[in-house]
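*Asks:* this one's sequence-less:
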């Protein structure tokens, strides 16, 4: 029971970080959607600045996607390591109990 509580307490900061990243991506996407409407009323100088801003937003969105993919892979590895740990513990207990059973049967 304590292990589940520890995992939940570790997941809370991770979930809040993911929520923050999603909010950042949503803000970037909403500003990206409103970009063409401003394009009609801007001057040539402003268009250059907006193109640069759009490139920056696209780059940030790509970086956020890459970071999200890394976090997912990290979570999968953690789950796999936890599963392997449980399997090794079960195998160790079975091996020790089998060894003790063989010793008891040989003496009796």
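*Replies:* Noted; the coordinates are in hand. As the structure is a prediction and not an experimental result, all values here were calculated from the model.

*Asks:* For residue 95, give its distance to residue 89.
*Replies:* Residue 95 is 11 Å from residue 89, where distance means CB to CB, to the nearest Å. Every residue, glycine included, has its C-beta placed from N, CA and C.

*Asks:* wait, I meant residue 66
*Replies:* With distances taken as CB to CB, residue 66 is found 35 Å from residue 89.

*Asks:* Which stretches in the protein count as helices?
*Replies:* Ranges of helices in the chain, per DSSP state H, are 2-33, 35-39, 44-107.

*Asks:* okay, those helices in CSV with mean pLDDT and mean neighbour count next?
*Replies:* Listed next are the helices of the chain as CSV, based on pLDDT from 0 to 100; neighbours: other CB atoms under 10 Å:
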stretch, mean pLDDT, mean neighbour count
helix 2-33, 70, 11
helix 35-39, 51, 11
helix 44-107, 91, 11
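
*Asks:* Could you pull up the residues touching the residue lying closest to residue 21 once chain neighbours are set aside?
*Replies:* Nearest non-adjacent residue to residue 21, counting by CB to CB, 6 or more residues apart in numbering: residue 64, 5.7 Å away. Applying CB atoms under 8 Å, 6 or more residues apart in numbering, we find residue 64 in contact with 21, 24, 25, 28.

*Asks:* Closest to residue 107 out of those residues?
*Replies:* Residue 107 has its nearest neighbour among the contacts of residue 64 in residue 21, at 62.1 Å by CB to CB.

*Asks:* wait, what's in contact with the closest one?
*Replies:* Applying CB under 8 Å, 6+ apart, the residues near residue 21 are 64, 67, 68.

*Asks:* Which one of those is nearest to residue 104?
*Replies:* Nearest to residue 104, judged by CB to CB, of these is residue 68 at 54.5 Å.

*Asks:* How much space separates the nearest residue to the closest one once chain neighbours are set aside from residue 76?
*Replies:* Among residues not flanking residue 68 along the chain, residue 21 sits closest, at 6.5 Å (CB to CB, 6+ apart). The gap separating residue 21 from residue 76 is 18 Å, by CB to CB.
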